[in-house]
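Asker: Need a 3D model of the following:
(one chain, ligands or ions: 1)
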Amino acid sequence: MAVVGNEIFQRRFDKVNSIIEKHGGKVSNLIAILQEIQAEYRYLPEEVLTYVATALGIPPATVYGVATFYAQFSLKPKGKYIIKVCDGTACHVRGSEKLRYVVREKLGLDDSKDTTDDLKFTLETVSCIGACGLAPVVTVNDREVYGQLTPEALSIILDQLVAKEKSSDGTSGANSDADADADADADAAIDSTRAAGTDVPGKGC
Ligand code: FES
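Answerer: The predicted structure is shown next:
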């Protein structure tokens with residue numbers, strides 16, 4: 001692996017360096033390297049792609065070519081929570097468009113903006129995730145799967161995520177008893193939509 005830049009620059013990319021080294025600094029592992037970098041940054045920053053190219057001793061165009069070829073890679077920053085609304089046939093027929101509308105309304109997103117300014121939330125529309133029996137389906141960070149979801153239940157889920165983030169940012173105080181009761185009601189509503197287990201189902205329906 002080539003030595004890149006000065007010490008400060010190197011330190012900034014320590015994590016990237018360790019990922020590259022873990023993969024032996026091999027060009028043949030470029031996709032795996034980019035996958036791990038994206039997991040770290042939640043997207044592929046331009047300067048990191050250039051750094052990877054230099055470190056692997058290949059033209060930046062090669063790295064950009066791979067990063068832009070595969071749909072799994074994003075060159076745009078993504079939110080902490082990636083909300084995927086399935087718009088496959090079964091989900092579409094059962095109201096996925098209304099769910100997308102709720103997410104956009106709640107989070108201030110539109111056709112030209114799929115990530116909130118605070119980088120907390122990203123909305124993605126995906127094709128069938130293989131859980132048509134649960135349609136319409138929404139996932140959060142590919143871990144939480146919500147099936148047979150109504151716009152009202154999705155609204156509660158989003159409210160809870162927003163409140164959780166505000167709380168972790170220290171911008172809201174402790175819950176009152178009334179809030180706690182409301183949270184309990186919301187949890188009950190959400191539990192009724194949460195699919196068994198937390199893994200996203202496999203493809204195909
Ligand atoms: S169409 Fe949405 S899970 Fe199959």
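Asker: buried ones in stretch 110-126?
Answerer: 114-116, 120-125 (16 or more other C-beta atoms under 10 Å). C-beta: built from backbone N, CA, C; applies to glycine.
Asker: okay, among the residues you listed, which ones form the most distant pair?
Answerer: Distance extremes for those: the farthest pair is 120 and 125 at 18.6 Å, using C-beta to C-beta.
Asker: near the ligand too, which of the buried residues of stretch 110-126?
Answerer: With C-beta under 6 Å from any ligand atom as the criterion, the buried residues of stretch 110-126 include none near the ligand.
Asker: Residue 120 touches residue 80, doesn't it?
Answerer: Yes. Using C-beta atoms under 8 Å, residue 120 is in contact with residue 80, at 5.2 Å.
Asker: Between these two, which contacts overlap?
Answerer: residue 165 (C-beta atoms under 8 Å, 6 or more residues apart in numbering).
Asker: and residue 132, what is it in contact with?
Answerer: 88-91, 205.
Asker: Which pLDDT value does the model give residue 169?
Answerer: pLDDT, residue 169: 79.
Asker: so how far is residue 83 from it?
Answerer: In this view, residue 169 and residue 83 are 19 Å apart by C-beta to C-beta, to the nearest Å.
Asker: same deal with residue 150?
Answerer: 15 Å.
Asker: Quick check, pLDDT for the residue in the chain that the ligand sits nearest to.
Answerer: Closest to the ligand within the chain is residue 88: 2.4 Å, counting by C-beta to the nearest ligand atom. Residue 88 is assigned a predicted lDDT (pLDDT) of 97.
Asker: Which secondary structure element is home to the nearest residue to it once chain neighbours are set aside?
Answerer: Closest residue to residue 88 apart from its sequence neighbours, by C-beta to C-beta, 6 or more residues apart in numbering: residue 128 at 3.1 Å. Using DSSP states H and E, residue 128 falls within no helix or strand.
Asker: Backbone dihedrals for residue 128, please?
Answerer: phi -40, psi 130 (degrees, to the nearest 10).
Asker: Please apply the same query to residue 82.
Answerer: phi -100, psi 110.
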